[in-house]
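Asker: what would the 3D arrangement of this be:
(one chain, ligands or ions: 1)
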Amino acid sequence: MAVHRSNSTGTDESVLPRFTRAGMMNVPKDRLPEGAMLPQTALQIARDEAALDGNARFNLATFVTTWMDEEADRLYSETADKNMIDKDEYPQTAAIEERCVRMLGDLWHVPEAAQSVGTSTTGSSEGCMLGGLALKRRWQTARRSAGKSTDRPNIVMGGNVQVVWEKFANYWEVEPRYVPLEGDVFHLTADRLLDYVDENTIGVVAVLGSTMDGTYEPVQEICQALDDYEARTGISVPVHVDAASGGFIAPFVQPDLVWDFRLERVVSIQSSGHKFGLVYPGIGWVLWRDAEHLPEELVFHVNYLGGDMPTFALNFSRPGAQVLLQYFQFLRLGREGYREIQQACQDVAVHISDALRSMPEFHVIADGTELPVVCFSMGEGVTKYDVYDVSRKLREAGWLVPAYTMPANREDLSVLRVVVRNGFSHDMADLFLRDLRTAVDWLDHLDGPMPREEQPANFHH
Ligand SMILES: *Cc1c(COP(=O)(O)O)cnc(C)c1O
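Answerer: Here you go, the predicted structure:
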């Protein structure tokens with residue numbers, strides 16, 4: 001639910017269908033219309049308004065899928081009526097969900113992939129909430145049985161974590177401990193982590209693919225540091241990997257990188273099916289290492305063919321179509337198809353960062369060799385304009401490229417970020433680079449600095 005503050009003027013504002021037809025009428029914006037209208041009219045109004053949104057193909061800001069095969073579009077419209085929670089009514093969708101969980105268990109090296117424990121979610125955010133809740137409950141149970149206090153749980157993570165972890169900590173009353181960024185490393189590293197960990201730490205979040213710059217946190221080293229900590233103190237701190245993006249990149253593009261359940265300390269992993277999982281918005285996945293790491297008391301049981309189906313979710317009803325779309329992609333692409341698509345994205349990202357390196361106006365911070373994400377700031381000599389001006393100027397050509405500041409300790413650094421997704425071809429990248437060149441030339445030729453205004457609020461994606 002988006003929480004919208006009303007900005008109604010109190011007058012009867014109205015939207016007008018932008019076409020001429022007998023019986024043209026005014027439609028109230030902020031009240032339910034008294035009567036009904038033809039579906040064609042409602043469609044026209046909603047479509048016209050939606051057309052004012054940015055064009056998804058030019059959206060280099062989002063990680064989320066904006067294009068699927070036509071066959072997927074068909075499957076989507078044919079299955080839009082399915083409710084994921086109706087396991088009894090739609091048993092095959094439920095079976096397919098389980099199949100997808102096992103496929104991911106295999107991909108992420110669950111010790112017993114055939115018995116993978118996990119669920120689809122509405123996105124990574126729900127997956128993070130569930131992963132975090134399991135960590136909290138396990139910590140509470142262990143503390144209680146040791147006769148120790150459960151008053152002050154904390155969760156340790158880098159200052160670069162996505163906003164969902166701040167939400168998790170707030171909603172479930174766990175103290176968030178952010179390890180601040182230092183110097184030119186914009187994510188959590190193993191060396192300073194232990195200063196923040198203690199017996200009240202429910203877990204450490206390691207991010208595979210930082211939203212800020214697309215870099216990978218060194219999950220293996222983080223686990224190693226916690227192994228050493230356990231050897232020294234007897235306190236075992238589990239790791240949840242937030243692989244919102246990397247969960248569908250690393251297995252295909254960096255198969256030798258050890259970040260997943262191959263590491264014993266990794267107890268849960270979540271990823272966004274709707275990011276590099278290549279499905280339209282509305283799906284994520286969360287898996288646990290084994291049943292032991294998902295406390296039984298968090299699992300609810302729904303009726304399933306007269307039998308019993310365990311569920312762990314924040315929602316009750318939610319769309320089932322996305323699960324079928326994920327299954328479609330798994331079948332359609334297979335490992336090879338995913339590998340080719342993600343590799344193509346990475347090649348394009350590296351192409352962009354190479355081009356940026358040859359432009360003195362920019363300094364490349366992340367070059368797309370981890371996530372296919374290019375993050376760059378202004379070069380040292382640039383004084384007349386900043387990343388926000390570049391972002392605005394690119395928008396004139398239709399490109400949506402966010403500009404934002406890095407998190408605490410490096411708020412002095414403002415960056416631009418380009419996420420390369422399926423469908424952003426080499427050709428489009430060259431058009432983008434051409435428009436970037438034009439934008440920068442225009443800014444370079446200003447006869448004075450751009451006027452300053454208040455900077456926009458932090459960008460979250
Ligand atoms: C996008 C993202 C999230 C939130 O994921 P949603 O699927 O949008 O809910 C969490 N963590 C990271 C690292 C992300 O990039």
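
Asker: which positions in the stretch 51-200 of the chain make contact with the ligand?
Answerer: Contact residues (C-beta under 6 Å from any ligand atom) of the stretch 51-200 of the chain with the ligand: 63, 123-125, 128, 162, 164. Where C-beta positions appear, they are placed from N, C-alpha and C, glycine not excepted.

Asker: just the CA trace of stretch 229-243, in CSV.
Answerer: The C-alpha trace of stretch 229-243 is given here as CSV (Å, rounded to 0.1, in the frame of the first residue of the first chain):
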residue,chain,number,x,y,z
TYR,A,229,34.7,-14.9,16.4
GLU,A,230,32.8,-18.1,17.4
ALA,A,231,36.1,-19.9,18.0
ARG,A,232,37.2,-17.1,20.3
THR,A,233,33.9,-16.4,22.1
GLY,A,234,31.7,-19.4,21.6
ILE,A,235,29.0,-17.1,20.2
SER,A,236,27.7,-18.3,16.8
VAL,A,237,26.3,-15.5,14.6
PRO,A,238,24.4,-16.6,11.5
VAL,A,239,24.4,-14.8,8.2
HIS,A,240,21.5,-13.9,5.9
VAL,A,241,22.5,-13.1,2.4
ASP,A,242,20.5,-10.4,0.7
ALA,A,243,21.0,-11.5,-2.8
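
Asker: quick one: that stretch to chain centroid distance?
Answerer: Here the centre of stretch 229-243 is set off from its chain's centre by 24 Å, with C-alpha atoms, centre = their mean, to the nearest Å.

Asker: tell me the contacts of residue 265?
Answerer: 223, 226-227, 237-239 (C-beta atoms under 8 Å, 6 or more residues apart in numbering).

Asker: quick one: it from residue 292, how far?
Answerer: According to C-beta to C-beta, to the nearest Å, residue 265 stands 14 Å off from residue 292.

Asker: ignoring the adjacent residues along the chain, who's closest to the residue sitting nearest the centre point of the chain?
Answerer: By C-alpha atoms, centre = their mean, the chain has its centre lying nearest to residue 244, at 4.9 Å. Once flanking residues are discounted, residue 244 sits nearest to residue 124: 4.0 Å by C-beta to C-beta, 6 or more residues apart in numbering.

Asker: how many residues are close by that neighbour?
Answerer: 27 (other C-beta atoms under 10 Å).

Asker: let's see if you can find the most crowded of the contacts of residue 265.
Answerer: Highest count within these by other C-beta under 10 Å belongs to residue 226, 26 neighbours.

Asker: for the residue nearest to that one when sequence neighbours are not counted, what are its contacts?
Answerer: Nearest residue to residue 226, sequence neighbours excluded (C-beta to C-beta, 6+ apart): residue 237, at 5.1 Å. By C-beta under 8 Å, 6+ apart, the contact set of residue 237 is 156, 197, 201, 203-204, 226, 229-230, 265.

Asker: repeat that with 6 Å
Answerer: Residues in contact with residue 237 (C-beta atoms under 6 Å, 6 or more residues apart in numbering) are 197, 201, 204, 226.

Asker: do the same with residue 207
Answerer: Residue 207 sits in contact with 217, 242, where contact means C-beta under 6 Å, 6+ apart.
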